[in-house]
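Asks: Need the 3D shape of this:
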Amino acid sequence: MVRLSYHERRNHTPTMNGVTRLAPLIAGDVAAFAAFGALGLVSHDEAVTWEVAARVMLPSPAAWFVVAPFAGAFSGRALEGRYPVANVLMVWAVAGVLGMGGRAVVFDRALFTAFFAIGITGAGLFLGGWRAIYNWWATRGRDLTEVGTLGRRT
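Replies: As a prediction, the model looks like this:
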């Protein structure tokens, strides 16, 4: 058993384990993509059906959940490092291009349209905003200058 000094006990904030850390993170990522997709459907007066929603909304999150784990977007460094939102947005830049490519294939349209920039930027803002909220929540009450990866003291 590890014994903490008085100072360490006073300033120690328990970290979340992998499951409790990833479950809300994944749910929030899905919600961010769904919110951006729903906003797009509503702004274009599209009838929201399961088929339309799947066609419009699935390519980007599918690309995200394929690329992000391998690029470290769910790692402790990406979540609680110095620049967690920037880390995620760099991964999103790659996944977003793949997602827009998938969307172009699904709709049989050109890849580089106005929506290419709108889709990558808009979804990135929703995803980055969610990750900023998550990072605040996960690190609340901690002095981030003393916290390294996933709350372990550096």
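
Asks: Phe33 and Arg140: what is the separation?
Replies: Distance of Phe33 to Arg140, computed by CB to CB, to the nearest Å: 25 Å. Quick note: C-beta positions are derived from backbone N, CA and C, even for glycine.

Asks: neighbour count winner among the two?
Replies: Shown here are Phe33 and Arg140; by other CB atoms under 10 Å, Phe33 has more neighbours (23 against 8).

Asks: Give the other helices and strands that the helix or strand harbouring the more buried one contacts.
Replies: Here Phe33 sits within helix 18-43, counting by DSSP states H and E. Judged by 3 or more CB pairs under 8 Å, 6 or more residues apart in numbering; DSSP states H and E, helix 18-43 is in contact with helix 50-57, helix 59-71, helix 114-139.

Asks: quick one: average pLDDT of that helix?
Replies: Mean pLDDT, computed over helix 18-43, is 84.

Asks: ditto for stretch 118-130
Replies: 91.

Asks: just how off-centre is that stretch within its chain?
Replies: Put simply, stretch 118-130 sits 9 Å off its chain's centre (CA atoms, centre = their mean, to the nearest Å).

Asks: Show me what counts as buried in it.
Replies: Judged by neighbour count (16 or more other CB atoms under 10 Å), stretch 118-130 contains these buried residues: 119-120, 122-124, 126-128, 130.

Asks: before we move on, what about stretch 88-105?
Replies: Applying a neighbour-count criterion of 16+ other CB under 10 Å, one finds 88-89, 91-92, 95-100, 102-104 buried in stretch 88-105.

Asks: Tell me the one of those nearest Asp45?
Replies: Arg103 (19.2 Å; CB to CB).

Asks: burial measure for Pro59, as a count.
Replies: Residues lying near Pro59 (other CB under 10 Å) number 23.

Asks: give the contact list for it.
Replies: Listed by CB atoms under 8 Å, 6 or more residues apart in numbering, the contact set of Pro59 reads 99-100, 102-103, 106.

Asks: Report pLDDT for it.
Replies: With respect to pLDDT, Pro59 scores 85.
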